[in-house]
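Engineer: Sequence and predicted structure, then a few things I'm wondering about:
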Amino acid sequence: MNQKKCPHCGEYVQSSSLTCPRCFREVPREPPAVRREHTDGGKRERSGKVPVAALLLAVIPPLVGLLGLGLIYLRPKDREGYWFLAGGLVLFLPFLALFFLMRDSGFFSAILLFMALLIIFLIYVSAAAAAFIETVFGSVLKFLRF
């Protein structure tokens, strides 16, 4: 007996059914792998494929402080990409300033500035990883299986 899953409630129904016996909603007749996901403007299919341009925008610009460009490319109307962009600039610009300030400082102040640089760098790298995961997998929590 062929069965398919109701996209509304998750109940298994016969493939010949037109409505779900649990939620009484119409069950689509086409297989779910053919339909496109509408949440990201149709740029990502249900199979999880991400356009190459989005991957490149998620990997290369973070090297110069621009996070979230892959998200902005995929979903320009969502705020997430812009938040990543603003946060990346807020972390990257002070990192550069502290780096150049550390070059001209004494030994003990250079050690303190290095510790501050290390903390900012770790926060920036984790934000860049989160932006990349959000671009590729759609959600950081989905990637971590929460």
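Structural biologist: It's in.
Engineer: drop to CA atoms for contacts and neighbour counts, all remaining ones
Structural biologist: Fine.
Engineer: tell me what the biggest helix by length in the chain is packed against?
Structural biologist: In the chain, assigned by DSSP state H, the helix with the most residues is helix 107-137. Applying 3 or more Cα pairs under 8 Å, 6 or more residues apart in numbering; DSSP states H and E, we find helix 107-137 packed against helix 52-59, helix 69-74, helix 80-103, helix 140-143.
Engineer: make it 7 Å
Structural biologist: Packing partners of helix 107-137 (3 or more Cα pairs under 7 Å, 6 or more residues apart in numbering; DSSP states H and E): helix 80-103, helix 140-143.
Engineer: mean confidence score for the last one?
Structural biologist: By that I understand helix 140-143. Helix 140-143 carries an average pLDDT of 61.
Engineer: again with the longest one
Structural biologist: Confidence for helix 80-103, expressed as mean pLDDT, is 87.
Engineer: Check which residues of that helix are buried.
Structural biologist: For helix 80-103, a neighbour-count test (16 or more other Cα atoms under 10 Å) marks 81-82, 84-85, 87-89, 91-92, 95, 98-99, 102 as buried.
Engineer: circling back: if we compare the helices and strands packed on helix 107-137, which one ends up closest to residue 29?
Structural biologist: helix 140-143 (27.8 Å; Cα to Cα).
Engineer: Averaging pLDDT per element, find the lowest-scoring helix or strand in this protein.
Structural biologist: Taking mean pLDDT, DSSP states H and E as the measure, helix 140-143 is the helix or strand of the chain with the lowest mean score, a mean of 61.
Engineer: Residue 11 is in contact with residue 4, isn't it?
Structural biologist: No: using Cα atoms under 7 Å, residue 11 is not in contact with residue 4; the gap is 8.4 Å.
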